[in-house]
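Asks: Could you look at this predicted model? Sequence included:
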Amino acid sequence: MKANIAQGFWDEKIECMDRKSMEALQTERLRDLVKRVYATVPFHQRRFAEHGVRPEDIKSLKDLARLPFMTKQDLRDTYPFGLFSRPMDEVVEIHSSSGTTGKPVVVGYTRNDLDLWATVMARTLRCGGVSEKDVVQNAYGYGLFTGGLGVHYGAQKIGASVVPISGGNSKRQIMIMQDFGTDALCCTPSYSLCLAEVAEEMGVDLRTMKLRVGFFGAEPWSESMRAEIEKKLGILALDIYGLTEIIGPGVASECPYRKGLHINEDHFLPEVIDSETGQVLPYGQEGELVITTLTKEAFPVIRFRTRDITVLDPEPCECGRTLVRMKRVTGRTDDMLIIRGVNVFPSQIEDVLVKIEGVAPHYLIVVDRKGTLDDIEIRVEVSEGNLADEVKKFEELERKIKNELESVLGISTKIKLVEPHAIERSMGKAVRVQDRRNLKED
Ligand code: DLL
């Protein structure tokens, strides 16, 4: 960690509000929300009726559990604008997330929604000490993806100087970082490592630059990957979380204490459920995160199932924030690989790999089915300085990776070491898994 990041709040009153006042605020907003969506969206009228619940039945936060869940499928079924709660003449921006199959998810924002987005992103960036004096290099993709514009609005709200460079063109990113004196970098964690690699090739030492903080999210990453990023870039690396269906980035973010992500729960009401039974779980238990947007106008959602796995913690943080915290997302209920009956999260594999000397944090997990047996091959790049010609050394390295993975995952894997840069780099979310088994449709 380079600098001592100044503590700061964007909305201190809200971010440090006592639980009772927060719950009162949430209750009031929830009651208003159910009335609004019931009055304007036929989908919700139908769903409420199917579940035998009326807007006036929702009196307290406990009543939330009476409402039906929403899933990505509901969004696809109502493609493109079927869940919009405001007429199109009030919708000033539309985003969409690409689906791997079927229709994409489409979301809309009114002017107030954009202002809300800017506010929650200002809170996010302020969590890492960003002020109007800073240059924010925004290497999240601009366009239909919410990363680019979300960060952009937040940085501008703070009054920082935002550089809307978007993803890609890595050499130019490094040059700009140097010449503009970038203070904060925003991109996916995997792209930050790609930038570190390019800087190294250019003979540039990122650690000597002004850069002091990074806001990384949009894909799962591990503690060890954080250590790697902090070492290579010489910065404080913070985790930021969000999803298109809720607003984009801005749902939750870490402060420098890094003991969980503070959820902006005055706008995004979180629950954790057992993904099998749908039962709400108490604080402290791991399950699927479900979110209700309390204040969004154009595209409100009720009890949206994120498929992301986390744990909620209501204890106040050392930073002074009282907003409920979520543990970093380590996987999704639907990206979990089941290999020969064993649950495997790509993040577990990453965790093992980044700790091993001699390999770079670039890998691809290829899952296939030979006959009836699942086969998992992990392609890992050897690190640049490790181009020894001794076959024996590589065999040893392969064996080491295999053994360590086996002890963590409980299954045996095939390891294939590949040359530096052999694994395709991504400017956005890294593609870590190739599942060739065709076990599921998205
Ligand atoms: O990825 C929004 C975003 C942009 C978040 C920039 C943070 C920074 P989607 O493309 O809709 O939206 O993807 C959302 O990505 O359900 C998680 O599975 C995953 N995800 C997002 N942030 C994190 C994170 C954006 N910090 C999906 N850690 C979510 C782990 C994350 N997974």
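Replies: Sure, I can see it.
Asks: Contacts only, for residue 155.
Replies: For residue 155, the contacting residues are 121-122, 125, 130, 136, 138, 162, by C-beta atoms under 8 Å, 6 or more residues apart in numbering. Backbone N, C-alpha and C define where each C-beta goes, glycine included.
Asks: next one: phi and psi at residue 31?
Replies: When read as degrees, to the nearest 10, the backbone of residue 31 gives phi -60, psi -40.
Asks: Next up, the contacts around it.
Replies: Residue 31 neighbours (C-beta under 8 Å, 6+ apart): 55, 58-59.
Asks: Could you tell me which residues of the stretch 151-300 of the chain lie near the ligand?
Replies: For the stretch 151-300 of the chain, the contact set with the ligand under C-beta under 6 Å from any ligand atom comprises 217-220, 239-244, 248-249.
Asks: ok, and the most crowded of those?
Replies: Within those, residue 249 tops the neighbour count with 29 neighbours, counted by other C-beta atoms under 10 Å.
Asks: Help me confirm that it comes into contact with residue 238.
Replies: No: counting by C-beta atoms under 8 Å, residue 249 sits too far from residue 238 to count as a contact (11.7 Å).
Asks: now the residues of the stretch 151-300 of the chain next to the ligand in a markdown table, with secondary structure and pLDDT?
Replies: Shown next, in a markdown table, are these (DSSP: H, G, I helix; E, B strand; the rest coil; pLDDT from 0 to 100):
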| residue | secondary structure | pLDDT |
| --- | --- | --- |
| 217 | strand | 94 |
| 218 | coil | 90 |
| 219 | coil | 83 |
| 220 | coil | 81 |
| 239 | strand | 98 |
| 240 | strand | 98 |
| 241 | strand | 97 |
| 242 | strand | 96 |
| 243 | strand | 94 |
| 244 | coil | 94 |
| 248 | strand | 97 |
| 249 | strand | 98 |
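Asks: Max pairwise distance over those residues: which two?
Replies: 239 and 244 (18.0 Å; C-beta to C-beta).
Asks: How about residues contacting the longest strand seen in the chain?
Replies: Taking DSSP state E as the criterion, the chain has its longest strand at strand 359-370. With C-beta under 8 Å, 6+ apart as the contact definition, strand 359-370 has outside contacts at 193, 197, 225, 228, 337, 339, 346, 349-350, 353-354, 374-384, 386, 397, 401, 417, 420, 423, 425, 431-437.
Asks: mean confidence for it?
Replies: The pLDDT scores in strand 359-370 average 90.
Asks: Using PDB, list the CA coordinates for that strand.
Replies: Provided in PDB are the C-alpha atoms of strand 359-370 (Å, rounded to 0.1, in the frame of the first residue of the first chain):
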ATOM      1  CA  VAL A 359       3.800 -19.000 -12.700                       C
ATOM      2  CA  ALA A 360       2.000 -15.900 -13.800                       C
ATOM      3  CA  PRO A 361      -1.600 -15.100 -12.700                       C
ATOM      4  CA  HIS A 362      -3.000 -15.900 -16.100                       C
ATOM      5  CA  TYR A 363      -4.800 -19.200 -16.500                       C
ATOM      6  CA  LEU A 364      -7.700 -20.900 -18.300                       C
ATOM      7  CA  ILE A 365      -9.700 -23.800 -16.900                       C
ATOM      8  CA  VAL A 366     -10.900 -26.200 -19.600                       C
ATOM      9  CA  VAL A 367     -13.500 -28.600 -18.500                       C
ATOM     10  CA  ASP A 368     -14.400 -31.500 -20.800                       C
ATOM     11  CA  ARG A 369     -16.100 -34.800 -20.600                       C
ATOM     12  CA  LYS A 370     -14.300 -37.900 -21.800                       C
END
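Asks: Which positions in it come out as buried?
Replies: Within strand 359-370, the residues that qualify as buried by neighbour count (16 or more other C-beta atoms under 10 Å) are 359-365, 367.
Asks: Which single residue in the protein comes nearest to the ligand?
Replies: Nearest residue of the chain to the ligand: residue 217, at 3.0 Å (C-beta to the nearest ligand atom).
Asks: bridging residues for the closest residue to that residue other than its chain neighbours?
Replies: Distance criterion C-beta to C-beta, 6 or more residues apart in numbering; nearest residue to residue 217, sequence neighbours excluded, is residue 240 at 3.9 Å. For residue 240, the beta-bridge partners are residue 217, residue 253 (DSSP bridges).
Asks: Can you give me the end-to-end span of stretch 310-321?
Replies: Stretch 310-321 has an end-to-end distance of 19 Å (C-alpha to C-alpha, to the nearest Å).
Asks: Just confirm residue 22 is within a helix.
Replies: Yes: the assignment for residue 22 is a helix, going by DSSP: H, G, I helix; E, B strand; the rest coil.
Asks: shouldn't it be in contact with residue 263?
Replies: No: using C-beta under 8 Å, residue 22 makes no contact with residue 263, being 10.9 Å away.
Asks: more neighbours, the two?
Replies: Counted by other C-beta under 10 Å, residue 22 and residue 263 do not tie: residue 263 has more neighbours, with 23 against 17.
Asks: Tally up the residues packed near the spatially closest residue to the more buried one that is not a sequence neighbour, please.
Replies: The shortest distance from residue 263 to any non-neighbouring residue, by C-beta to C-beta, 6+ apart, is to residue 252 (4.3 Å). For residue 252, the neighbour count with other C-beta under 10 Å is 32.
Asks: next one: residue 88
Replies: 11.
Asks: Lovely, talk soon.
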